[in-house]
Every structure is written in structure tokens, then in C-alpha cells.
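Trainee: Attaching a predicted model along with its sequence, questions to come.
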Amino acid sequence: MNSNLEISIFQIDLAYKDKSKNYNTIDLLSEKINKTDIILLPEMFNTSFVPSDIRLAEKMDGPSIKWMKSLSERKNASVVATLMIEENDQFYNRLVWVSKYGEIYTYDKCHLFSLAKEDHTLTKGTSKIIISENGWNICPLICYDIRFPVFCRNQDDYDLLIFLSSWPEKRINAWDTLLMARAIENQCFTIGVNRVGEDPSGIIFPGHSLAFDSFGNRMVDFSNMKNTIKNVILSKDKLMLQRRQMNFLKDRDLFTIN
């Protein structure tokens, strides 16, 4: 097991409904990466957040996942992103994890954002997933999931919690606070990846991609930088030490989610 895990966080000004432009932005930024284990992209990385337009949805063998596979092979890294997927006549906001080892894992967003009527067009998921990679247990979730602490609760002994998001400026204080809270209460590293820029409806996305350790100490902060990558190296040894120093997880309540 490698004690360290290197994560590349992409904070991007997503082009509205323009898949080719978003692929190109990420490809150009990825040239700056020499070595990494995992690449993280914002929610609906290929189109920006437009759940009302299901014409943008793809199949699992569509061009966006083929592009993700290509990026994974070129950088020898796992690539993690969400996009709209059509499957069995249903539409999902699906997190797709393309592992550098060739496997593909998926998680369908369980908490659809009703304020934006995401639940009018998309089908909600049913459960979390835990991905084991390089000796790490990782729980990847999507944006609005962060507001539901029982759902996010570390009952699976995961080491890293990830949120891929499209979080607006007017609620950014909640984003900053909730990310720190999820890290502290679950005694894990927590990374939030958010987009930046403005969409055609005038909604501003301020970035604020962040990484916290299990004590809630800030490790990475993008502020409002556009089209930027930052790497963060997570230490499993540090995490285990922090849990030994203050093992709050042993006193946790266990919840059953129906």
C-alpha cells in the first residue's frame, strides 16, 4: 500500500453546452501534470449544469466517457467526473470513475437539487459507493449530497470523501462550512471541486475548490481562480495518526438509511 495519494483538482470555467470546448480546456490544463494518481473534475464537466436539457445526455459508451478513458491512459491516472447519462430510458447525474487500472465505477446522484428542478428530469440514485484504490477507501459524492450528513456519514471506514459540484456564489459560505464539517465529523480527508465563471442565466460560480484534513485544517484553497490545477498529496500515515490521537469514530452512532 502506498501511504500517499496525489490528487489533481481542476477548477474550470465550464463552457455552456459545449463539450468539445470543455474537453479542450481540460486537455490543455492536463499538460501541466507530470504525475498524479487521481484527476477530479467539476459536476457535469462536459456541458455545465443543465439538467433540464436531457438532449445532452449520453450512453455509457458515448464520447465523453471515451474521452475520459483517453485522458486516464495518457496521464496514467484515474479520472473522476459527473455527466448526464441515459440508461434504460432514464436519465441520471452520474459520477463516473475511470480507474487507471481499467475499471469503471459509477454513482448516481442521490439528492437531486429540487431548487433547480433537477428532480423533474433526472432519476435519483439509491446508494453510495466506496471505491478502493491504492490502498485507500474513497467515497465520491455529488454537490447537493453535502447537505445531508447522515447520508455522508462515515460508516464504511472510508479515508477520503469527495464532492464534485456546481455551487453558486450566493451560497458559497455554506459550501465552505459544510466541507469543513464533513471532514471533521467523518475524520477523513475531504475534497470539494467546484466550477468557476458565469452561466447564460447570470448565475455566478465562484470556485472555492477546497481540501481539508481530518481535523478540518485547510490544505488547498483555489479562491476564484479560473482554469487552474492544484495538486494535493494526502498521507495515509497522517490520517491514521490523527485518528489514533482522537478516535471519535469509535463513538459514532450507526444509522440505517431507508
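Mentor: Okay, I see it. Numbering: from 1, shown residues only.
Trainee: Can I get the longest helix along the chain in PDB? Just the C-alpha atoms.
Mentor: Using DSSP state H, we find that the single longest helix of the chain is helix 172-186. Presented in PDB, the C-alpha positions along helix 172-186 are these (Å, rounded to 0.1, in the frame of the first residue of the first chain):
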ATOM      1  CA  ILE A 172     -20.700  29.800  -1.000                       C
ATOM      2  CA  ASN A 173     -20.400  30.300   2.700                       C
ATOM      3  CA  ALA A 174     -22.500  27.200   3.200                       C
ATOM      4  CA  TRP A 175     -20.100  25.300   0.800                       C
ATOM      5  CA  ASP A 176     -17.000  26.300   2.800                       C
ATOM      6  CA  THR A 177     -18.600  25.400   6.100                       C
ATOM      7  CA  LEU A 178     -20.100  22.100   5.100                       C
ATOM      8  CA  LEU A 179     -16.900  20.900   3.500                       C
ATOM      9  CA  MET A 180     -15.000  21.500   6.700                       C
ATOM     10  CA  ALA A 181     -17.800  20.000   8.800                       C
ATOM     11  CA  ARG A 182     -17.900  16.800   6.700                       C
ATOM     12  CA  ALA A 183     -14.100  16.400   7.200                       C
ATOM     13  CA  ILE A 184     -14.200  16.900  10.900                       C
ATOM     14  CA  GLU A 185     -17.300  14.700  11.700                       C
ATOM     15  CA  ASN A 186     -16.100  11.900   9.500                       C
END
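Trainee: show me what contacts the closest residue to residue 13 other than its chain neighbours?
Mentor: Spatially, and ignoring its direct neighbours in sequence, residue 13 is nearest to residue 197 (3.6 Å; Cβ to Cβ, 6 or more residues apart in numbering). Any C-beta I mention is one placed from the backbone N, CA and C, and that applies to glycine too. Neighbour list for residue 197: 13, 14, 204, 205, 226 [criterion: Cβ atoms under 8 Å, 6 or more residues apart in numbering].
Trainee: how would you label residue 197: helix, strand or coil?
Mentor: strand (DSSP: H, G, I helix; E, B strand; the rest coil).
Trainee: Following element in sequence after the longest helix of the chain, please.
Mentor: Remark: after helix 172-186, the chain's next helix or strand is strand 189-194, criterion DSSP states H and E.
Trainee: What helices and strands are in contact with that next one?
Mentor: strand 4-11, strand 160-165, helix 172-186, strand 210-212 (3 or more Cβ pairs under 8 Å, 6 or more residues apart in numbering; DSSP states H and E).
Trainee: which helices and strands does the longest one pack with?
Mentor: With contacts taken as 3+ Cβ pairs under 8 Å, 6+ apart, helix 172-186 sits against helix 149-152, strand 160-165, strand 189-194, strand 210-212.
Trainee: before we move on, what about the first one?
Mentor: Counting contacts by 3+ Cβ pairs under 8 Å, 6+ apart, strand 4-11 packs against strand 38-40, strand 189-194, strand 228-235.
Trainee: Inside helices: which ones of the contacts of residue 197?
Mentor: Reading helices off the contacts of residue 197, I find no matches (DSSP H).
Trainee: Which of these sits closest to residue 69?
Mentor: residue 14 (20.4 Å; Cβ to Cβ).
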